[in-house]
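S.K.: Fold the following and give me the result.
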Amino acid sequence: MAKKVLNEIYEWTESILFALILVIVILTFIARGTRVDGDSMLPTLEDTQFLAISHLYTQLRHNDIVVVFAKDIDGALADGRTVIKRVIGLPGDTIRIDAGAGLVYRNGEALPVEIRDGMIYEDGHVINDVTKARFDMPEGDEWTVPEHHIFVMGDNRNNSKDSRSKDVGMIDTNYVIGRVIFRVTPFSELGRVV
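M.R.: This next block holds a predicted model:
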């Protein structure tokens, strides 16, 4: 009887250790977690939601949601804060904002905007409002994304400090911590984030 109990304890311990090692390997080499801090990605992501991100990707794509260190979002780089934004422009892309029409242009073509179920969709993902002029937009309304950089914007278009701001600007790809894989919490919304 004692041998059976010891065997069972050994098996449980072995299983728990294997699971812990697997979690450590996954969090170290494949994915890690992060929490949304703020409302700049509304309505896609809400404050305090927990996300799984991965730093294993071959290249970023338009509309990927990324976690980055920014040059200066309220001292983000200095105090170690990270921000979550959507990739709008990749190296070589030219981005233009037509604030009067509320449109974003990439390489001379307006990102398609449509209204479905009372929500505004731009280039296939939901945003909270059309893109309007911002008081902190630098002079000129067109940006060419340099090599090894990305142009990012929040989905809460008119309440997001992002690449449109001279305080943030283009994000060096060395400061991309990872790409969002899926939403973990709330559990009712567990799954892929678009």
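S.K.: Isn't Asp167 up against Arg134?
M.R.: No - Asp167 is beyond contact range of Arg134, at 11.3 Å (criterion: CB atoms under 8 Å). (Each C-beta comes from the backbone N, C-alpha and C, glycine too.)
S.K.: which helix of this structure spans the most residues?
M.R.: helix 2-25 (DSSP state H).
S.K.: what's the following helix or strand after the worst-scoring helix or strand of the chain on mean pLDDT?
M.R.: Using mean pLDDT, DSSP states H and E, helix 76-79 stands out as the lowest-scoring helix or strand of the chain, at a mean of 51. Toward the C-terminal end, the helix or strand that comes next after helix 76-79 (DSSP states H and E) is strand 83-89.
S.K.: Could you tell me which strands sit next to that next one in the sheet, and their orientation?
M.R.: Neighbouring strands of strand 83-89 in its sheet, by DSSP bridges, are strand 65-68 (antiparallel), strand 149-153 (antiparallel).
S.K.: winner for burial among those?
M.R.: With neighbours taken as mean count of other CB atoms under 10 Å, the strands paired with strand 83-89 reach their highest mean count in strand 149-153, at a mean of 25.
S.K.: that older thread, got the CA coordinates for the longest helix of the chain in CSV?
M.R.: Coordinates of each C-alpha in helix 2-25 appear next as CSV, following Å, rounded to 0.1, in the frame of the first residue of the first chain:
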residue,chain,number,x,y,z
ALA,A,2,2.8,2.4,0.9
LYS,A,3,4.6,1.6,-2.3
LYS,A,4,1.5,2.4,-4.3
VAL,A,5,1.1,5.8,-2.6
LEU,A,6,4.7,6.6,-3.2
ASN,A,7,4.4,5.6,-6.8
GLU,A,8,1.4,7.9,-7.2
ILE,A,9,3.1,10.8,-5.5
TYR,A,10,6.1,10.3,-7.8
GLU,A,11,3.9,10.2,-10.9
TRP,A,12,2.1,13.4,-9.8
THR,A,13,5.4,15.1,-9.0
GLU,A,14,6.8,14.1,-12.4
SER,A,15,3.7,15.4,-14.2
ILE,A,16,3.8,18.7,-12.4
LEU,A,17,7.5,19.2,-13.0
PHE,A,18,7.1,18.4,-16.7
ALA,A,19,4.2,20.9,-16.9
LEU,A,20,6.3,23.6,-15.2
ILE,A,21,9.3,23.0,-17.4
LEU,A,22,7.0,23.1,-20.5
VAL,A,23,5.4,26.5,-19.3
ILE,A,24,8.9,27.9,-18.7
VAL,A,25,10.1,26.9,-22.1
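S.K.: And the contacts of the helix or strand that it is followed by?
M.R.: Proceeding N to C from helix 2-25, the next assigned helix or strand is strand 31-35, under DSSP H and E. The contact list for strand 31-35, computed with CB atoms under 8 Å, 6 or more residues apart in numbering, reads 27, 48-55, 67, 82, 84, 177-178, 181, 184.
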